[in-house]
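1. Build the 3D model from these lines:
(chains A and B, ligands or ions: 2)
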Amino acid sequence: MSIESLKCKECGTAYELGAYYVCENCFGPLEVAYDFSGFDPVEAKRRIQAGSQGIWRYADFLPFEGRPNDPLEPGLTPLVRADRLAERLGLEAEIWIKNDAANPTHSFKDRVVAVAVAKAQELGFKTVACASTGNLANAVAAHAAAAGLDSYVFVPANLEEQKLLATGVYGTNLVGVRGNYDDVNRLCIQLAESRPWAFVNVNLRPYYAEGSKTLAYETVEQLGWELPDRVVCPIASGSLFTKVGRGFQEWLDLGLVTGSQPVFNGAQAEGCSPVATAFAEGWDVCKPQKPDTIAKSLAIGDPADGPYAIEHARKTGGGVDSVTDAEIREGIKLLAETTGIFTETAGGVTVGVLRKLAERGEIAGGERVVVYITGEGLKTLDATRDTFQMHEIDPDLESFEVEFRQEVAA
Amino acid sequence: MSITVKIPTQLRAATGGESTVEVTGATVGEALDAVFDAHADLRQRITQDGDLRRFVNVYVSGEDIRFQQGLDTAINEGDEVTILPAVAGG
Ligand SMILES: Cc1ncc(COP(=O)(O)O)c(C=O)c1O
Ligand SMILES: [Zn+2]
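-> Ligands and ions are numbered 1, 2, ... in the order given. Got it, this is the predicted structure:
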């Protein structure tokens, strides 16, 4: 296998493998193109299985000639059966939770950042940067620290405190911008023009995006080299959703797995649902929105990969749904109570959409469904505040018995 | 009315390296047409059938024109029109 070039997703123009992300002819986004001629699936499988316990076991499908040195290797997160969740939803289907909160900085963003930071080092950058809705900030700051690079992390200033604290601790230059994510993003695109920095999700975006494919590869491997029938996956910019689809497609094309693309269900918060709205209206492009939701990690009002996400949802017979803030809170609680997994608001969105699909009767008995839980509950604690009550008692037996009289008697 | 249109790096080959173009016009569409008159090659790079291509974002003094009247968005003396690639996710 070798990496061929960067290719425009819109018009196919090829570019050399550098820090480029936009086609000069049509302004379309660039994507990494590989040359898989001579690919041997048996040998490839052997190389994967003999590989490291993380994303670099899939190095043959990532844009590097060899396996980069990565002290914070993410990946190989648990894929667990969630029978009690299925039961609560009245489903006869197999529900699997891919718990990607179990990464070094507790979100799937470690995957994309590991790839982008390795590429930044290969290209000789000394400083990495990003525009973030929170999780990317954590990941960039941490991976930069591990690699000994300087970093600048730009976030909306009103982000959850937990996400700010879990970024600043790594000694990054944390910049809170008075605006929403789309404002932060625009500023970073402008900064990327003049600063000699690797903005992981701007000028290194073609490489960054490749990291999300590893979620598809792991899913296949953990299901015993089989594909799920359906996936439920959150959408902010649409990159994760699209690249999980591309990961499955690559392995189908290369003969590493047989079957067909799973049905893709995208999940957004109602307060920021440009992709769900475009899907419902039958549009090919998204109309930007001003986000207003507790799911701040998904609050991208102008999703760059929205058109590709819509296309993939349609092509696989899936869809893109949205849920209210109340449904997000319920989703977090439902997952915690039935699986012991505490997710952040993005996971609440995803579980909320799973529940919607169940209620609409869209999930058939016997279906195998993988639900992507992409972030950690401890980063968005406000979403669980006041959803339960603590029993406060004096430190004596009587006090306990008074509080729990009925239970103890029973 | 004098308007500054900022050209992103990726399009400067079409403007002879210029990062800004000074034009006149009452709307974003008129300003862009004036830019295309000066640098013909830009038109097909960022527009298709008279509309902006889907990965082209245009801002008037920082606000996305899709929140306003698109190409019909009115512009005033001293406004800055910025063309940027649509890219996001984080
Ligand atoms: C926890 C979490 N899940 C999902 C996403 C969506 O990622 P994408 O922008 O690739 O759609 C994000 C993005 O910030 C995130 O933080
Ligand atoms: Zn192109």
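2. Any part of the helix or strand encompassing B:Ile83 near ligand 2?
-> Counting by DSSP states H and E, the element that carries B:Ile83 is strand B:80-85. No: under the criterion of CB under 5 Å from the ion, ligand 2 is not reached by strand B:80-85; the shortest gap measures 11.0 Å. To be clear about C-beta, it is placed using only N, CA and C from the backbone, and glycine gets the same treatment.
3. Contacts only, for the spatially closest residue to A:Cys188 that is not a sequence neighbour.
-> For A:Cys188, ignoring the flanking residues on the chain, the nearest one in space by CB to CB, 6 or more residues apart in numbering or on different chains is A:Ala131 at 3.9 Å. Residues in contact with A:Ala131 (CB atoms under 8 Å, 6 or more residues apart in numbering or on different chains) are A:154-155, A:181, A:184-185, A:187-188, A:199, A:201-202, B:88, B:90.
4. Just the closest of those to A:Ala278, please.
-> Relative to A:Ala278, the closest of these is B:Ala88; by CB to CB it sits at 15.0 Å.
5. just for chain B, where's the confidence low?
-> B:88-90 (pLDDT under 70).
6. rerun at 90
-> Scanning chain B for pLDDT under 90 picks out B:1-2, B:50, B:61-62, B:77-78, B:87-90.
7. got it, and the stretch 151-300 of chain A?
-> Using pLDDT under 90, the stretch 151-300 of chain A has no residue that qualifies.
8. quick one, strands of it?
-> For the stretch 151-300 of chain A, the strands defined by DSSP state E, counting those that start in this stretch cover A:173-177, A:198-199, A:230-234, A:263-269.
9. Tell me, how many residues neighbour the closest residue to chain B within the stretch 201-350 of chain A?
-> The nearest approach of the stretch 201-350 of chain A to chain B comes at A:Ser237, 2.8 Å away (CB to the nearest CB). When neighbours are counted by other CB atoms under 10 Å in any protein chain shown, A:Ser237 registers 27.
10. Helix, strand, or coil at A:Val320?
-> Here A:Val320 takes the strand state, with states given by DSSP: H, G, I helix; E, B strand; the rest coil.
11. so B:Glu77 sits right up against B:Met1, yeah?
-> Yes: B:Glu77 is in contact with B:Met1 according to CB atoms under 8 Å; the separation is 4.9 Å.
12. Give me the more crowded residue out of those two.
-> Counted by other CB under 10 Å, B:Glu77 and B:Met1 do not tie: B:Met1 has more neighbours, with 13 against 8.
13. pretty sure that one contacts B:Val23?
-> No: checked against CB under 8 Å, the pair B:Met1 and B:Val23 is beyond contact range at 9.2 Å.
14. Now do A:Asp150: how many residues are near it, please.
-> Neighbours around A:Asp150, by other CB under 10 Å: 15.
15. Tell me who's in contact with it.
-> By CB under 8 Å, 6+ apart, the contact set of A:Asp150 is A:126-128, A:144, A:173.
16. thinking again about what came up before, tell me what the strand holding B:Ile83 is packed against?
-> helix A:181-194, strand B:2-6, helix B:28-38, strand B:56-60 (3 or more CB pairs under 8 Å, 6 or more residues apart in numbering or on different chains; DSSP states H and E).
17. A:Lys126 and ligand 2, how far apart?
-> 30 Å (CB to the ion, to the nearest Å).
18. before we move on, back to that, give me the buried entries from the contacts of A:Ala131.
-> A:154-155, A:181, A:184-185, A:187-188, A:199, A:201-202, B:88, B:90 (16 or more other CB atoms under 10 Å in any protein chain shown).
19. A:His106 - nearest residue in space that isn't next to it in sequence?
-> A:Glu376 (3.6 Å).
20. who's in contact with residue 34?
-> Because you didn't say which chain, this covers chain A. By CB under 8 Å, 6+ apart, the neighbours of A:Tyr34 are A:1-4, A:61, A:63.
21. meant chain B, my bad for not saying
-> B:23-25.
22. tell me which of these is nearest to A:Gly168?
-> Proximity of the contacts of B:Ala34 to A:Gly168 was ranked by CB to CB; the top entry is B:Val23 with 43.5 Å.
23. just the angle between the strand or helix carrying that closest one and strand B:2-6, please?
-> According to DSSP H and E, B:Val23 maps onto strand B:20-24. Interaxial angle, strand B:20-24 versus strand B:2-6 (axes from the mean of the first three to the mean of the last three CA atoms, to 10 degrees): 150 degrees.
24. circling back: turn the contacts of A:Ala131 into CSV, columns for distance to A:Gly366.
-> Output for the contacts of A:Ala131, formatted as CSV (distance: CB to CB, whole Å):
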residue, distance to A:Gly366
A:Phe154, 46
A:Val155, 43
A:Tyr181, 40
A:Val184, 44
A:Asn185, 42
A:Leu187, 49
A:Cys188, 46
A:Phe199, 45
A:Asn201, 39
A:Val202, 44
B:Ala88, 38
B:Gly90, 37
